[in-house]
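Q: what would the 3D arrangement of this be:
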Amino acid sequence: MGEWLELDLPADVRRGERTPENWLAARLGVPVDKLAGMCGEGGIRTAAGRVRLRLFPERDAGFDPWWHPLDVLYEDDFCLVADKPAGLAVHAGRRGGVPLRGHRPAGRGAAHSPA
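A: The predicted structure follows:
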(Lines give C-alpha, C1' and ligand atoms only; values in the text may rest on other atoms or scores of the structure.)
Protein backbone atom coordinates (compact mmCIF):
# COMPACT_ATOMS: atom_id res chain seq x y z
CA MET A 1 0.00 0.00 0.00
CA GLY A 2 1.03 3.61 -0.37
CA GLU A 3 2.61 5.35 -3.32
CA TRP A 4 6.12 4.48 -4.49
CA LEU A 5 8.69 6.87 -5.96
CA GLU A 6 11.32 5.18 -8.14
CA LEU A 7 14.66 6.82 -8.98
CA ASP A 8 17.78 5.77 -10.89
CA LEU A 9 20.83 5.48 -8.65
CA PRO A 10 23.97 7.33 -9.75
CA ALA A 11 27.08 5.35 -10.71
CA ASP A 12 28.94 5.97 -7.42
CA VAL A 13 26.05 4.47 -5.42
CA ARG A 14 25.79 1.49 -7.77
CA ARG A 15 29.52 0.88 -7.29
CA GLY A 16 29.10 0.96 -3.50
CA GLU A 17 31.12 4.14 -2.98
CA ARG A 18 28.15 5.87 -1.32
CA THR A 19 25.05 4.49 0.40
CA PRO A 20 21.61 5.02 -1.13
CA GLU A 21 20.52 6.75 2.10
CA ASN A 22 23.34 9.32 1.92
CA TRP A 23 22.62 9.97 -1.76
CA LEU A 24 18.88 10.37 -1.05
CA ALA A 25 19.60 12.70 1.88
CA ALA A 26 21.68 14.94 -0.39
CA ARG A 27 19.38 14.66 -3.41
CA LEU A 28 16.02 15.08 -1.67
CA GLY A 29 17.05 17.05 1.42
CA VAL A 30 15.59 14.38 3.73
CA PRO A 31 17.44 13.77 7.04
CA VAL A 32 19.41 10.51 7.12
CA ASP A 33 17.67 9.40 10.35
CA LYS A 34 14.27 9.73 8.62
CA LEU A 35 15.56 7.64 5.71
CA ALA A 36 16.95 5.05 8.16
CA GLY A 37 13.50 4.80 9.75
CA MET A 38 11.90 4.36 6.33
CA CYS A 39 14.46 1.67 5.52
CA GLY A 40 13.67 -0.14 8.79
CA GLU A 41 9.95 -0.12 7.90
CA GLY A 42 10.60 -1.54 4.42
CA GLY A 43 10.00 1.83 2.82
CA ILE A 44 13.26 1.93 0.86
CA ARG A 45 14.16 -0.79 -1.60
CA THR A 46 17.09 -0.96 -3.99
CA ALA A 47 17.49 -3.30 -6.96
CA ALA A 48 19.03 -3.19 -10.44
CA GLY A 49 20.45 0.32 -10.08
CA ARG A 50 17.18 1.83 -8.89
CA VAL A 51 15.81 2.87 -5.53
CA ARG A 52 12.14 2.80 -4.56
CA LEU A 53 10.75 4.96 -1.76
CA ARG A 54 7.41 4.22 -0.19
CA LEU A 55 5.56 7.49 0.18
CA PHE A 56 2.55 7.87 2.46
CA PRO A 57 2.43 4.37 3.97
CA GLU A 58 -0.84 3.40 5.58
CA ARG A 59 -0.71 3.86 9.35
CA ASP A 60 -3.16 3.52 12.17
CA ALA A 61 -4.19 7.01 13.29
CA GLY A 62 -4.53 5.84 16.90
CA PHE A 63 -8.12 7.06 17.24
CA ASP A 64 -11.53 6.38 15.78
CA PRO A 65 -12.58 9.17 13.44
CA TRP A 66 -15.43 11.42 14.37
CA TRP A 67 -17.01 12.95 11.28
CA HIS A 68 -18.12 16.53 11.23
CA PRO A 69 -19.67 18.21 8.18
CA LEU A 70 -17.74 21.14 6.77
CA ASP A 71 -19.06 24.20 4.98
CA VAL A 72 -16.95 24.15 1.79
CA LEU A 73 -16.39 27.70 0.56
CA TYR A 74 -14.22 26.84 -2.48
CA GLU A 75 -12.93 23.66 -4.07
CA ASP A 76 -10.95 22.82 -7.20
CA ASP A 77 -8.45 20.14 -8.21
CA PHE A 78 -5.71 21.64 -6.01
CA CYS A 79 -7.38 23.50 -3.17
CA LEU A 80 -10.13 23.08 -0.62
CA VAL A 81 -11.24 26.05 1.50
CA ALA A 82 -13.60 25.27 4.36
CA ASP A 83 -15.21 27.29 7.11
CA LYS A 84 -13.69 25.46 10.10
CA PRO A 85 -15.85 25.46 13.22
CA ALA A 86 -14.28 27.03 16.31
CA GLY A 87 -12.68 24.42 18.53
CA LEU A 88 -11.94 21.93 15.74
CA ALA A 89 -8.22 21.19 16.12
CA VAL A 90 -6.12 21.16 12.96
CA HIS A 91 -2.65 20.90 14.52
CA ALA A 92 -1.39 18.49 17.15
CA GLY A 93 -0.69 20.29 20.36
CA ARG A 94 -1.18 20.43 24.11
CA ARG A 95 -4.90 19.90 23.75
CA GLY A 96 -4.44 16.61 21.91
CA GLY A 97 -5.76 17.72 18.54
CA VAL A 98 -4.97 15.57 15.54
CA PRO A 99 -3.75 17.36 12.41
CA LEU A 100 -5.85 17.17 9.28
CA ARG A 101 -2.78 17.52 7.05
CA GLY A 102 -2.25 14.25 5.23
CA HIS A 103 -5.87 13.21 5.74
CA ARG A 104 -8.31 13.83 2.94
CA PRO A 105 -11.88 14.51 3.97
CA ALA A 106 -14.23 11.77 2.82
CA GLY A 107 -17.09 13.54 1.13
CA ARG A 108 -17.42 16.88 2.83
CA GLY A 109 -16.35 16.13 6.36
CA ALA A 110 -13.17 15.86 8.37
CA ALA A 111 -11.88 13.47 10.98
CA HIS A 112 -10.47 14.59 14.29
CA SER A 113 -10.11 13.15 17.76
CA PRO A 114 -12.41 14.47 20.45
CA ALA A 115 -10.54 16.74 22.87
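Q: next, count neighbours for residue 85.
A: Using other CB atoms under 10 Å, residue 85 has 11 neighbouring residues. All C-beta atoms are positioned from the backbone trio N, CA, C, and that covers glycine.
Q: against residue 4, how distant is it?
A: Note on residue 85: its distance to residue 4, by CB to CB, to the nearest Å, is 37 Å.
Q: now do residue 58
A: Distance of residue 58 to residue 4, given as CB to CB: 13 Å.
Q: higher neighbour count, the two?
A: Legend: neighbour count by other CB under 10 Å for residue 58 and residue 4, higher for residue 4 (11 against 7).
Q: neighbours of residue 54, how many?
A: Going by other CB under 10 Å, the residues that sit close to residue 54 add up to 17.
Q: can I assume it sits in a strand?
A: Yes: Residue 54: assigned to a strand according to DSSP: H, G, I helix; E, B strand; the rest coil.
Q: for it, give me its contacts.
A: 2, 3, 4, 38, 41, 42, 43, 44 (CB atoms under 8 Å, 6 or more residues apart in numbering).
Q: what is it paired to in the beta sheet?
A: Per DSSP bridges, residues listed as beta-bridge partners of residue 54: residue 4.
Q: now do it against residue 7, distance only.
A: In terms of CB to CB, residue 54 sits 13 Å off from residue 7.
Q: next one: residue 40
A: Residue 40 sits 20 Å away from residue 7, going by CB to CB.
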